[in-house]
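**Student:** this one's structure only:
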């Protein structure tokens, strides 16, 4: 009798999971129709930029094709370097003005800059769909970041579908360190106008941005468990920003402004809130972080 009772309980849990999954699929289809009819805004405006580089052309083509598969929930935007008027450090785009410009031109629930070599799957859509509901219960802006999976020399065929990206991440991907943050998902209320003029593609801006957001009591959330972000690693390796010209630009700017920067408090491991699933429901949970994470 006891074994039968346990089996029935497990079946009930599975039935509940299937029901919740189906309800989410139906809700997303409804949202899709509303977006396509212009009855509601997309979930995310996802933007990036890149220099023309023969070495990186294949990577950027894969990224562009991948981001297009996220439509209509996600609006992909590519900034051309020639059209970026706010630059520093020898012609490098300033992050805050990219957000300000894209929010002026596009309407969506969330906005995100991502490095141009990062691929996403439908896990991005599911996470943001759930966070949209979470936003109803909080007052402060949101910043969502997460760790990436590095995959060496990902091919076009491997990057064509969400399924193949997931498979290659499981088979060949390696979860990278928490000091590397490659995408920054924010709500429109995020105080970009008050953020220092750090540039993209150079060290320090990512950890400082997370640190600064935590200092400002923004709702910083680690989405590593629920958003698969795949980095297309090439022969340049996983530390390209450190090899670029003016690699110390952000650090020098921030030290000039703030004297001392607690970069480690901007690592993923120092973020108290994180997303995870329980019985097909995405939850924002809270964890205890080390004392050295105090801002």
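**Tutor:** Yes, it's here. Source: prediction; values computed, not measured.

**Student:** quick one: the nearest residue to residue 223 once chain neighbours are set aside from residue 224, how far?
**Tutor:** In space, residue 223 comes closest to residue 146 once its chain neighbours are excluded; the distance is 4.2 Å by CB to CB, 6 or more residues apart in numbering. For the C-beta atoms, the positions are set from N, CA and C on the backbone; glycine is no exception. Distance of residue 146 to residue 224, computed by CB to CB, to the nearest Å: 4 Å.

**Student:** and for the two, which residues touch both?
**Tutor:** Shared contacts of residue 146 and residue 224 (CB atoms under 8 Å, 6 or more residues apart in numbering): residue 268.

**Student:** Give me the more crowded residue out of these two.
**Tutor:** residue 146 (25 against 19; other CB atoms under 10 Å).

**Student:** what separates the more buried one from residue 51, distance-wise?
**Tutor:** Note on residue 146: its distance to residue 51, by CB to CB, is 25 Å.

**Student:** Could you do residue 80 as well?
**Tutor:** 10 Å.

**Student:** now do residue 184
**Tutor:** The span separating residue 184 from residue 51 equals 20 Å under the rule CB to CB.

**Student:** more crowded one of those two?
**Tutor:** Residue environment comparison for residue 184 versus residue 51 gives the larger neighbour count to residue 184, 22 against 11, counting by other CB under 10 Å.

**Student:** The nearest residue to that one once chain neighbours are set aside: which element?
**Tutor:** Counting by CB to CB, 6+ apart, the nearest residue to residue 184 once its immediate chain neighbours are dropped is residue 113, at 5.4 Å. Following DSSP states H and E, one finds residue 113 within strand 110-114.

**Student:** Report the rounded mean pLDDT for that strand.
**Tutor:** Averaging pLDDT along strand 110-114 yields 98.

**Student:** So what touches the following helix or strand past that strand?
**Tutor:** Of the helices and strands lying after strand 110-114 in sequence (DSSP H and E), the nearest is strand 118-120. Outside strand 118-120, the residues within contact range by CB under 8 Å, 6+ apart are 46, 62-63, 66-67, 70, 114, 148, 154, 159, 165, 182-183, 227-232.
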